[in-house]
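Trainee: Have a look; sequence and predicted model below, questions after that.
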Amino acid sequence: MARRFYINSNGRIKRAENTIYFETEKDGEVIKKPLAINDIDSIHIFGEVDFNTKALNYLSQFDIPVHIYNYYGFYSGSFLPRKKNISGYLLVEQVKHHIDEGKRQYLAISFIEGAVHHILRNLRKNDINPKDYEDIEKELLPKIFKTKIPEELMAIEGNIRDRYYQLFNKIIKNDDFFMEKREKRPPTNPINALISFGNSVMYNTVLTEIYRTQLDPTISYLHSPQEKRFSLSLDLSEIFKTFIIDPIIFGLINTKQITKQDFDENLNYVYLNEEGRKKFLKAYEERLSKTIKHRKLKRNVSYGYLIRLECYKLIKHLIGDEEYKPFKAWW
């Protein structure tokens with residue numbers, strides 16, 4: 001299966017004949033690395049990288065999205081090749097499910113239901129006392145099913161995440177790391193920096209999977225389509241942030257694979273430096289590559305492929321084939 005390609009260094013992407021190269025300089029010497037174009041799912045750029053239309057046209061031929069991040073690791077934008085896998089019928093159904101309040105709310109609730117399932121799973125797997133999160137399980141979770149509009153739902157989801165983040169310090173067994181509260185922009189401590197960075201990468205992984213299907217990434221249900229990003233990716237990311245990203249953070253910190261030296265500070269920002277990004281992305285790829293025997297398909301699938309399957313499930317729901325149920329890890 002094609003893999004994501006991450007560029008952390010400064011350099012340039014060039015096309016030479018029928019090959020794409022990434023060029024960088026080290027000690028005055030130009031280092032040219034060919035990219036296995038048939039094995040690339042998407043390219044994620046964290047360094048300062050130049051590329052021209054010749055390279056972009058070639059990447060477009062192979063349907064390879066390019067996702068760009070800023071100096072702090074936040075998402076800046078994407079180059080998405082012209083979508084070839086399109087369906088006017090599905091687009092109409094996506095819109096219908098958005099403008100119908102009941103249908104929209106059903107999907108919005110489903111995404112949060114999947115997210116909360118993995119929040120509770122993380123707490124159980126890390127041996128947190130059930131009394132510490134019984135308010136999430138017994139009070140807040142039942143409330144999401146009674147909501148009528150996405151804004152009301154997101155308010156409850158915000159309360160659930162606040163309680164969840166308060167328990168991070170009980171999960172993390174490393175005195176060098178502590179989080180008082182969740183801060184997004186700017187993150188002012190290493191844990192917040194890890195969450196923000198991981199969520200940005202997950203968002204673009206989900207966006208790539210949506211791009212591979214007939215779904216339109218701008219029509220969403222939980223988040224408003226007026227978001228300045230591809231809002232359907234934000235919707236589906238809710239399920240996978242807590243399943244993929246949070247366990248990576250706990251593992252990297254508790255095993256001391258990531259240390260305070262993997263972060264830099266600039267004015268109000270704390271962010272992963274290049275070495276820290278490499279460690280996180282390595283763990284990210286390892287987790288996405290893990291496999292589980294799928295109960296319905298009766299074969300092994302990777303954690304990464306579960307995201308594609310979630311897109312297919314959503315499509316089936318939209319066209320009336322099968323009611324959507326959010327992914328919930330059962331193992």
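Mentor: Right, received. Where do you want to start?

Trainee: switch to C-alpha atoms for all contacts and neighbour counts from now on
Mentor: OK.

Trainee: Sticking with residue 98, tell me its helix or strand.
Mentor: helix 88-99 (DSSP states H and E).

Trainee: typo on my end, it should be residue 30
Mentor: Going by DSSP H and E, residue 30 is part of strand 29-35.

Trainee: Tell me who's in contact with residue 43.
Mentor: Each residue near residue 43 by C-alpha atoms under 8 Å, 6 or more residues apart in numbering is listed here: 4, 5, 6, 7, 64, 65, 66, 67.

Trainee: Shouldn't it be within a strand?
Mentor: Yes: secondary structure of residue 43 (DSSP: H, G, I helix; E, B strand; the rest coil): part of a strand.

Trainee: So what's the residue count around the closest residue in space to residue 244 that isn't next to it in sequence?
Mentor: With sequence-adjacent residues excluded and distances taken as C-alpha to C-alpha, 6 or more residues apart in numbering, residue 244 is closest to residue 287, at 7.0 Å. Residue 287 has 18 neighbouring residues, counting by other C-alpha atoms under 10 Å.

Trainee: just the one 5 residues further on next, same as before
Mentor: If you count neighbours by other C-alpha under 10 Å, residue 292 ends up with 15.

Trainee: can you pull the contacts of it?
Mentor: 300, 301, 302, 303.

Trainee: Same list, these, but as a markdown table with pLDDT and secondary structure please.
Mentor: Formatted as a markdown table, these follow (pLDDT from 0 to 100; DSSP: H, G, I helix; E, B strand; the rest coil):
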| residue | pLDDT | secondary structure |
| --- | --- | --- |
| 300 | 96 | strand |
| 301 | 96 | strand |
| 302 | 96 | strand |
| 303 | 97 | helix |
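
Trainee: as a whole number, average confidence for stretch 105-124?
Mentor: The average pLDDT within stretch 105-124 is 98.

Trainee: Give me the residues contacting that stretch.
Mentor: 130, 137, 141, 144-145, 147-150, 153, 157, 160, 164, 171, 221-222, 235-236, 238-243, 247, 324-329.

Trainee: Redo the contacts of residue 43 as JSON lines? Include distance to residue 199 and pLDDT.
Mentor: Shown next, in JSON lines, are the contacts of residue 43 (distance: C-alpha to C-alpha, whole Å; pLDDT from 0 to 100):
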{"residue": "4", "distance to residue 199": "16", "pLDDT": "93"}
{"residue": "5", "distance to residue 199": "17", "pLDDT": "94"}
{"residue": "6", "distance to residue 199": "16", "pLDDT": "96"}
{"residue": "7", "distance to residue 199": "18", "pLDDT": "95"}
{"residue": "64", "distance to residue 199": "21", "pLDDT": "95"}
{"residue": "65", "distance to residue 199": "18", "pLDDT": "96"}
{"residue": "66", "distance to residue 199": "17", "pLDDT": "97"}
{"residue": "67", "distance to residue 199": "14", "pLDDT": "97"}
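
Trainee: Okay, now the unreliable bits of this protein?
Mentor: Counting by pLDDT under 70, the chain contains low-confidence ranges at 1, 227.

Trainee: domain assignment for it?
Mentor: Domains of the chain are assigned by automatic domain parsing as 3-64, 88-318.

Trainee: Buried deepest among these, which one?
Mentor: domain 88-318 (a mean of 18; mean count of other C-alpha atoms under 10 Å).

Trainee: gap between the two ends of that domain?
Mentor: Domain 88-318 has its terminal residues 13 Å apart, counting by C-alpha to C-alpha, to the nearest Å.

Trainee: Stretch 19-34 now?
Mentor: For stretch 19-34, the first-to-last residue distance is 7 Å (C-alpha to C-alpha).

Trainee: Now do the strand holding residue 30: which elements does it pack against?
Mentor: If you count contacts as 3 or more C-alpha pairs under 8 Å, 6 or more residues apart in numbering; DSSP states H and E, strand 29-35 packs onto strand 19-26.

Trainee: so what's residue 45 bridging to?
Mentor: As for beta bridges, residue 45 partners with residue 7, residue 68 under DSSP bridges.

Trainee: right, and it touches residue 67 too?
Mentor: Yes: using C-alpha atoms under 8 Å, residue 45 is in contact with residue 67, at 6.2 Å.

Trainee: chain center to stretch 272-283: distance?
Mentor: Relative to its parent chain, stretch 272-283 has a centroid offset of 16 Å by C-alpha atoms, centre = their mean, to the nearest Å.

Trainee: who's in contact with it?
Mentor: Contacts for stretch 272-283 (C-alpha under 8 Å, 6+ apart): 8-9, 72-73, 190, 193-194, 197, 248, 252, 257-258, 262-264.

Trainee: Mind putting the domains of the chain into TSV with distance to residue 78?
Mentor: As requested, those are arranged in TSV below (distance: least, C-alpha to C-alpha, whole Å):
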stretch	distance to residue 78
domain 3-64	9
domain 88-318	9
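
Trainee: Out of those domains, the one nearest residue 79 is which?
Mentor: The closest approach between residue 79 and any of those, judged by C-alpha to C-alpha, belongs to domain 3-64 at 8.5 Å.

Trainee: Do me a favour and get the end-to-end distance for that closest one?
Mentor: End to end - C-alpha to C-alpha - domain 3-64 spans 11 Å.
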